[in-house]
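Colleague: Using only what follows, build the 3D model:
(3 chains)
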Amino acid sequence: MSSRTREIWKPVAPAETGSGRREFLRRTRAIVWKDLLIEVRTKQSFTAMAFFAALVLFIFSFAMGADVRLLQATGGGLVWIGIAFTGILSLSRTYQSEELAGGLEGLRLLPGEQRAIYVGKLLGNLALLLTLELFLFPTAAILFQLELWRVALPLAGVALLGTLGFSIIGTFYAALAVHVRARELMLPLLLFPALVPVLLGAVNATTLILTGDPDGAMSSWIRLLVAFDVIFFVVCTWIFPLVLEE
Amino acid sequence: MGKTLKILGFSALLLFIIGSVVGLFVVRADAAMGDVQRLMYVHVPAAWLAMLAFFVVFIMSVLYLVQRNPRWDLIAASSAEVGVLFTALTLALGSLWGKPTWGVWWTWEPRLTTTAVMLMIYIGYLAVRSFADDPDKRARWSAIVGVVGFIDVPIVYLSVYWWRTLHQPPSSPRSVAPEILFALLLNLLAFTVVYVYLLGRRYRLAVNEQELERIVAHQTKQISHD
Amino acid sequence: MNSPNLAVSLRGISRRFGWFWALRDVDLDVPPGTSLLLAGPNGAGKTTLLRILAGVLAPSRGEGRLAGAGLNDNDGIRRRSALLTTRGYLYDELTALENLRFVSLMCGSDTSPATSAGILDRVGLASVADRRVGAFSSGMRKRLALGALLMRPVPVVMMDEPFASLDDHGRALVDDIVEEMLAAGQTVFLASHQIGDSLRLIGRVAFIDRGRLAFTCAADELSERRYAYFEDRE
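Modeller: Okay, here's the model as predicted:
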C-alpha cells in the first residue's frame, strides 16, 4: 500500500483526538455549543417557558388565596412546583433538535464516548433551567411576598443542587421517553416519583432558608440533595449508552 | 413446571388459611389497639413481599441488561405485576388501619409514603412495557426503569423519613410479644409462598404470551409476503 | 477469518428486529481499497447491514471484523467507518459550516476553517457556507452530508443510496469522490436499489434479498446473475 493509503488505513484513535478525557470534554462542549446555538436562534421557546412559569406561579396565588402568611409559609414549595412543571417542558425538548434532524442515530454514528452526549445535554438543561429560575424566583418573591434578597446566596446554592438533581434524572428519562409511545405521558409518569427526594430536599431547604432553621435541619437536606445528585449522576451516566442502543 | 405450581398453590392456600386463623382467632388481641391490630398480620407481610418483589425486579433487570436472556425479562415483568398487587394491598390495609386508629384515611408516615411512591415507580415500569411493541426494546427499557427505580427507593425512604421526623420525634416501636411475633412470621411465610406461586403462574403466562406474539408476527409476515 | 488483509470480514451475520429477521447468515469478505455495491430490492436488508458495519447496530448473531476491529468493539468500528445516510442528520438551525464544525468536534477530526471551507467547495456548497440548512434543497443537503463524510478520512466509507435527491451534476460529484477515495486506498461500500450510474467504479456486487446474501459477482455480470436469481426463485 502507498504511504498515503497507509494514512487512510489508520483510523482516528482516541490518542490522536486527544486523550480519552479530553475527547470526552470536547464532545460535551460540542453538544452544549450546538444546543445553545440552536436555542439562541429559536428564542421564542425560552420566552414561552418563562411566561408559562410565571403563569403557573400566578395561578398558585389564586389557589392559595390572599392570605399573605400562608403564601409566605408555602412559597418555598410553590416555587419548586413551578420549576418542576416548567422543567418538564424544557426536558421534553432536550432531544428535539436531534429528532428534527432525523433521530438520535445521527449522534450515534459519530465515534467517541456516548456518555458525553448525556453530560452535554445535562449541562444544557441545567443552564436553561437555572436561567429560568433567575426569572422565576424574583417573580415568586413578588407574588408570595418572600424576602429573597437577604438570603440570595444560600438560596442559589439550594437552587443549584435541586435543579441539578432534576436535570440529572430528567435528561436521562427524556432520552428513554424519546423512543416510547405516548411520550408526553411517559416522561412525567417516570420522572415525578423518582424526583420525590429532590423535591422534598429542595422544598424543605428553601422553606428553611426563608423562614428560619431553629433545629439545624438544613444540613440533612443538603446532604440528601448532594447524595441524590452524586448517586444518580453516576448511575445515569453509566447506563446511558443502554438507553441510546438500538 | 405445572406440577410444581399445583403443589405450590395448595401449600400457599393452606398456609394462608392457617396464618389467617392464627392471626384472627388464636392470638390474643393487642391490649392497646384492639382487634384492628390484627390487620398487621396481613399488612406487614404484604409490605415485605412488595419489597421482595421489587428486589427481584431489580436483580432480574440487571441480569437481563448484562446477559440479554429474555427469561430474565419475563420474570422481572411478572414480579413487577405481583409486586404492584402487594403494594396496592399494603396501601389499602394501611389505610384501613389508619381510620380507626388515628381517624384518618391517609397519613404521611414514612414507610407508607415510600410505598406509595414505589407503587408509582412500578406502574411507570408497567406503562413502559405496555407502550413498547418490540420485545427487545420493551425488555431493555423496562429493565432500565427497574434498575433506576429500585435505586431510588431507599433514597425516597430516607427523604420522607427526614421529612416526617425532623420536626417531630419518631413513634418508638413497642416491644413485641412472642406469640404476636409467631403469628407475624407465620403469615410472612404464607405470603412468601403466595408470592412465589403467583410469580410462577404469571411467568408461565408471560412465556405463553410471548410465544403467541411470535406466532402472530410470523403469520402477519407471511400474509404480507403473499 | 482473522485475515488482517481484509477491509471487512463477516461470518454468519444475522439481525433480528422483534420477531422479524432482517438479516440472515451473511458471509462477506471485502479486500481493502476495493468497492462493493450492495444491491437488492427495497427492504432487503442493505441498510441494516450498513448500520451494523457503521457500529450503530449490533448483530443478533455472527461475528465480523472491520479494518482490524472486531464488531463487538463498538467504538473501534465507528472510528474506522463512516456512513452517508439517507437522512443526513443535519441541523436545520445551523449553517453548513456549523454543521461541519459540529461533526468535526464530535469526531475529533480537523476543525480548521480552511479545511471546512475546502470541503464545502469540493461539494459545490461554497456559496451557501453561511446559510442555514433549513433553507437547503434536498440535493444541497445530500451534498452537505457528503461533505461531512469527507471530513473523516477513514478506512471504510459507506454510502446508503448516495444518488438519491441528486441531479446529474450531483451524481457526477459522487462518482468523482468515490473515484478519489478508491485511489487513496479507502474501501467503499455503496448500497443502492437502482443500479446503473456508477457501475464503472464498482468492483464487485453483493446482492441482498429478503435478508440473505443471494449471490456475489463482478459488476459486469450483475444483470445476468440477477435475472437468473429471480428466475430460480419463482
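Colleague: Pick out the residue nearest the middle of chain C.
Modeller: Chain C has residue C:158 as the residue nearest its centroid, 1.8 Å off, counting by Cα atoms, centre = their mean.
Colleague: if I pick that one, what's in contact with it?
Modeller: Taking Cβ atoms under 8 Å, 6 or more residues apart in numbering or on different chains, we find residue C:158 in contact with C:50, C:53-54, C:81-84, C:188-191. Any C-beta I mention is one placed from the backbone N, CA and C, and that applies to glycine too.
Colleague: Quickly note the distance from residue C:221 to residue C:8.
Modeller: For residue C:221, the distance to residue C:8 (Cβ to Cβ, to the nearest Å) stands at 21 Å.
Colleague: Filter the contacts of residue C:158 down to the buried ones and hand me the ChimeraX line.
Modeller: ChimeraX command restricting those to the buried ones, with burial defined by 16 or more other Cβ atoms under 10 Å in any protein chain shown:
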select /C:50,53,54,81,82,83,84,188,189,190,191
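Colleague: Kindly identify which of the contacts of residue C:158 also come near chain A.
Modeller: Among the contacts of residue C:158, the ones lying near chain A by Cβ under 8 Å from any Cβ of the partner chain are C:54, C:83.
Colleague: how about CSV for the contacts of residue C:158, with secondary structure added?
Modeller: As requested, the contacts of residue C:158 are exported to CSV (DSSP: H, G, I helix; E, B strand; the rest coil):
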residue, secondary structure
C:50, helix
C:53, helix
C:54, helix
C:81, strand
C:82, strand
C:83, strand
C:84, strand
C:188, strand
C:189, strand
C:190, strand
C:191, strand
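Colleague: would a markdown table of the contacts of residue C:158 with distance to residue B:132 be doable?
Modeller: Compiled in a markdown table, the contacts of residue C:158 are given as follows (distance: Cβ to Cβ, whole Å):
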| residue | distance to residue B:132 |
| --- | --- |
| C:50 | 25 |
| C:53 | 27 |
| C:54 | 24 |
| C:81 | 29 |
| C:82 | 31 |
| C:83 | 26 |
| C:84 | 30 |
| C:188 | 37 |
| C:189 | 32 |
| C:190 | 34 |
| C:191 | 29 |
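Colleague: burial of residue A:111, as a residue count?
Modeller: Counted with other Cβ atoms under 10 Å in any protein chain shown, residues neighbouring residue A:111 total 30.
Colleague: and it, which of the three is it?
Modeller: Of the three states, residue A:111 takes coil according to three-state DSSP.
Colleague: Leaving out chain neighbours, which residue sits closest to it?
Modeller: The shortest distance from residue A:111 to any non-neighbouring residue, by Cβ to Cβ, 6 or more residues apart in numbering or on different chains, is to residue C:78 (3.8 Å).
Colleague: Over to residue A:183?
Modeller: In space, residue A:183 is closest to residue A:177, 4.7 Å off (Cβ to Cβ, 6+ apart).
Colleague: quick one: the one you found from residue B:150, how far?
Modeller: For residue A:177, the distance to residue B:150 (Cβ to Cβ) stands at 19 Å.
Colleague: picking up where we left off before, and residue C:221 and residue C:8? which has more neighbours close in?
Modeller: Between residue C:221 and residue C:8, counted using other Cβ under 10 Å, the more crowded position is residue C:8 (24 against 14).
Colleague: can I assume that one is in contact with residue C:64?
Modeller: Yes - taking Cβ atoms under 8 Å as the definition, residue C:8 is a contact partner of residue C:64 at 7.1 Å.
Colleague: if I pick the spatially most central residue of chain A, what's in contact with it?
Modeller: The centroid of chain A falls nearest to residue A:167 when counting by Cα atoms, centre = their mean (2.5 Å). Residues counted as contacts of residue A:167 (Cβ under 8 Å, 6+ apart) are A:87, A:91, A:122, A:125-126, A:129.
Colleague: Closest one of the residues you listed to residue A:191?
Modeller: Residue A:191 has its nearest neighbour among the contacts of residue A:167 in residue A:91, at 7.5 Å by Cβ to Cβ.
Colleague: re earlier: compare neighbour counts for residue A:177 and residue B:150 and give me the winner.
Modeller: Set side by side, residue A:177 and residue B:150 show more neighbours around residue A:177, with 28 against 22, by other Cβ under 10 Å.
Colleague: Toward the C-terminus from the helix or strand residue A:80 falls within, list the very next helix or strand.
Modeller: Here residue A:80 sits within helix A:68-92, counting by DSSP states H and E. Moving toward the C-terminus from helix A:68-92, the next helix or strand (DSSP H and E) is helix A:96-101.
Colleague: So in chain B, which helix runs the longest?
Modeller: The longest helix of chain B (DSSP state H) is helix B:178-225.
Colleague: try chain C
Modeller: When chain C is parsed with DSSP H, its longest helix is helix C:168-183.
Colleague: which strands and helices sit next to that one?
Modeller: Under the contact criterion of 3 or more Cβ pairs under 8 Å, 6 or more residues apart in numbering or on different chains; DSSP states H and E, helix C:168-183 touches helix C:138-150, strand C:156-160, strand C:187-191.
Colleague: Please list the outside residues in contact with the longest one.
Modeller: The one in question is helix C:138-150. C:82-85, C:88-90, C:96, C:99-100, C:103, C:119-120, C:122-125, C:128, C:133, C:136, C:157, C:159, C:162, C:164-167, C:170, C:173-174, C:177.
Colleague: Could you pull up the mean pLDDT of that helix?
Modeller: Mean pLDDT, helix C:138-150: 94.
Colleague: Could you tell me the angle between it and helix C:168-183?
Modeller: Put simply, helix C:138-150 runs at 10 degrees to helix C:168-183, going by axes from the mean of the first three to the mean of the last three Cα atoms, to 10 degrees.
Colleague: and helix C:138-150, which residues are buried?
Modeller: C:140-150.
Colleague: Okay, now the unreliable bits of chain C?
Modeller: Counting by pLDDT under 70, the ranges of chain C that qualify are C:1-4, C:194-199.
Colleague: Tell me how many other residues surround the residue of chain C found nearest chain B.
Modeller: Taking Cβ to the nearest Cβ, chain B has its nearest neighbour within chain C at residue C:19, 3.6 Å off. Neighbour count for residue C:19, taken as other Cβ under 10 Å: 17.
Colleague: And it, its phi and psi?
Modeller: When quoted as degrees, to the nearest 10, the phi and psi of residue C:19 stand at phi -100, psi 0.
Colleague: which residues touch the residue in chain B that chain C sits nearest to?
Modeller: In chain B, the residue found nearest to chain C is residue B:217; the distance is 3.6 Å by Cβ to the nearest Cβ. For residue B:217, the contact set (Cβ under 8 Å, 6+ apart) comprises C:18-20.
Colleague: at 10 Å instead, please
Modeller: Applying Cβ atoms under 10 Å, 6 or more residues apart in numbering or on different chains to residue B:217 gives the contacts B:133, B:135, C:18-20.
Colleague: So which of the residues you listed are in helices?
Modeller: Counting by DSSP H, these place residue B:135 in helices.
Colleague: still on that earlier bit, tilt between the longest helix of chain C and strand C:187-191?
Modeller: 140 degrees.
Colleague: Buried residues of helix C:168-183, list them for me.
Modeller: Neighbour counts over helix C:168-183 (16+ other Cβ under 10 Å) mark C:170-171, C:173-175, C:177-178, C:181-182 as buried.
Colleague: Turn those into CSV, columns for distance to residue C:46.
Modeller: Below are the buried residues of helix C:168-183 laid out as CSV (distance: Cβ to Cβ, whole Å):
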residue, distance to residue C:46
C:170, 21
C:171, 19
C:173, 22
C:174, 17
C:175, 20
C:177, 20
C:178, 17
C:181, 19
C:182, 20
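Colleague: Please work out which residues outside the host helix or strand of residue C:121 touch it.
Modeller: Taking DSSP H and E as the definition, residue C:121 sits inside helix C:113-122. By Cβ under 10 Å, 6+ apart, the surrounding residues in contact with helix C:113-122 are C:96-101, C:103-104, C:109-110, C:112, C:125-130, C:143-144, C:146-151, C:173, C:176-177, C:180.
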